[in-house]
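A.B. asks: How does the following fold in three dimensions:
(one chain, ligands or ions: 1)
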Amino acid sequence: MDIIPYGRQDISEADIEAVVEVLRSDFLTQGPVVPEFERQLARYAGAQHGVAVNSATSALHLACLALGVGQGDVVWTTPITFVASANCALYCGAQVDFVDVDLHTGNMSAQALELKLAASKKSGGLPRVVIPVHLCGNPCDMEKIHALALQYGFRVIEDASHAIGGNYRGQKIGNCRFSDITVFSFHPVKLITTGEGGVALTNDGALARKMQLLRSHGITREPDEMTQAPDGPWYYQQIMLGYNYRMTDIQAALGLSQLKRLDEFIQKRQLIASRYHQALSDLPLALPQTEQDDLSAFHLYVVRMLTTHPAGSHLHAFEYMRENGILVNLHYIPVYRQPYYQKMGYRVEDYPQSEAYYTAAISLPIYPGLQPEQQDRVIHTLRQALA
Ligand SMILES: *Cc1c(COP(=O)(O)O)cnc(C)c1O
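C.D. replies: Sure thing, here's the model as predicted:
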């Protein structure tokens, strides 16, 4: 039986050649390819600066640090995300709180955010940073979130790990028009890959420079940034406590080659999504919906089951699909349900929409190499599962 995963990378001969070329060159890391990848990513998304790192998790960590997140601060994100969107705040010694989602999109609800902000202003616990996540590639209500950021004085990091190539209000996600920093992931299941990798985009030169320094030990070779004139040409200074979060030139070469193919990947994902939409519309499922001027990158295609009939239960559908070689998945277990977070005292009752999402969501296979016959099999098997 042919196994169909929920997502997978698409590597071409040109991608392989681009990597081999770096392997034969002088620099495997800290060479010219990483800055070129950063320039191209920034240009693609319409942002001023790009800082490439070894994962989106690292990019989220650096973004929080650059925005001054530390002990005594609170960072808010959505529960329906990968744990990295919340962990980044804990790395900085800050606390995390969650804003409930809009059931229809699974994205952080701007209304819930507004209510929580008003309540927190009274009790004194406003966030320093809010991290909305464009779930599946479908953008959050960034205009509203941005307006609330100005009103309540918090900063915004877009976790766009699912969303490179998508549009918000007719413009590319990643242009940071409504945020301080946007993060993309290049893990193999994401839209384009570098094996492992991520980037932080921003229009603020000072934030970009801070993330560059933090990515590489907090070391500078710029005389302007030093506390004294250089002792000699060998000289560098460590001026803050940074990390080794660097991306290699090998990874960046793969990323550059993949970036050339991104628009074609998005088109293929759009086509698969529209085929699902047509083939599943008569079933008791809520299908993904995108606002008029937005374009979802369709990193994931998540349907929500609307039946409560035991024969058509969520668990049954999962088991049935997996038994038939279709590796459906669930994005995501709400982060507050993880044992590590449970210890911090979150209550499931505070997140009714996230709970409803969790008990109904199924991610169907979607990736550029998914063939029409394979998709037909997914559709057929899902119909049987719900019959
Ligand atoms: C994948 C993912 C991350 C982490 O990405 P890595 O590059 O694997 O570190 C963060 N947030 C979301 C929403 C993700 O899907």
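A.B. asks: I'd like to know how many residues surround residue 371.
C.D. replies: 10 (other CB atoms under 10 Å). Backbone N, C-alpha and C define where each C-beta goes, glycine included.
A.B. asks: Repeat that for the one 3 residues further on.
C.D. replies: For residue 374, the number of neighbouring residues by other CB under 10 Å comes to 15.
A.B. asks: And the strands in the chain?
C.D. replies: Ranges of strands in the chain, per DSSP state E, are 49-53, 74-77, 95-98, 129-131, 155-159, 167-168, 171-172, 181-185, 198-202, 219-220, 237-238, 285-286, 301-305, 361-364.
A.B. asks: what's near enough to touch residue 270?
C.D. replies: By CB atoms under 8 Å, 6 or more residues apart in numbering, the residues touching residue 270 are 295, 298.
A.B. asks: interface residues of the stretch 51-200 of the chain facing the ligand?
C.D. replies: Counting by CB under 6 Å from any ligand atom, the stretch 51-200 of the chain comes close to the ligand at 55-57, 81-82, 84-85, 133, 159, 161-162, 185, 187, 198.
A.B. asks: Which parts of this protein belong to which domain?
C.D. replies: 4-259, 262-386 (automatic domain parsing).
A.B. asks: Export these as a markdown table, with columns for mean pLDDT.
C.D. replies: Output for the domains of the chain, formatted as a markdown table (pLDDT from 0 to 100):
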| stretch | mean pLDDT |
| --- | --- |
| domain 4-259 | 98 |
| domain 262-386 | 95 |
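A.B. asks: deepest of those, which one?
C.D. replies: A comparison of these by mean neighbour count, using mean count of other CB atoms under 10 Å, puts domain 4-259 on top with a mean of 20.
A.B. asks: gap between the two ends of that domain?
C.D. replies: 25 Å (CA to CA, to the nearest Å).
A.B. asks: Please name the residues that touch the most centrally placed residue in the chain.
C.D. replies: Nearest residue to the geometric centre of the chain (CA atoms, centre = their mean): residue 161, 1.9 Å. Counting by CB under 8 Å, 6+ apart, residue 161 touches 56, 82, 84, 133, 183-185, 187, 190, 198, 299.
A.B. asks: and which of those residues is nearest residue 374?
C.D. replies: residue 299 (18.1 Å; CB to CB).
A.B. asks: Just give the nearest non-adjacent residue to residue 41, would you?
C.D. replies: Leaving aside its sequence neighbours, residue 41 sits nearest to residue 50 (CB to CB, 6 or more residues apart in numbering; 4.5 Å).
A.B. asks: Distance check, the one you found against residue 168.
C.D. replies: 18 Å (CB to CB, to the nearest Å).
A.B. asks: And the helices in the stretch 101-250 of the chain?
C.D. replies: Secondary structure of the stretch 101-250 of the chain (DSSP state H, counting those that start in this stretch): helices located at 110-123, 142-152, 205-215, 249-280.
A.B. asks: who's in contact with the second one?
C.D. replies: Outside of helix 142-152, the residues that reach it under the criterion CB under 8 Å, 6+ apart are 108, 110, 113-114, 117, 121, 126, 130, 132, 154-156, 158, 168-169, 177-179.
A.B. asks: The first one now?
C.D. replies: Here helix 110-123 makes contact (CB under 8 Å, 6+ apart) with 76, 99-102, 126-127, 130, 140-141, 144-145, 148, 151-152, 353.
A.B. asks: Specify the angle between that helix and helix 142-152 in degrees.
C.D. replies: 10 degrees (axes from the mean of the first three to the mean of the last three CA atoms, to 10 degrees).
A.B. asks: Measure how far helix 110-123 is from the centre of its chain, please.
C.D. replies: Mean-position distance between helix 110-123 and its chain equals 24 Å (CA atoms, centre = their mean, to the nearest Å).
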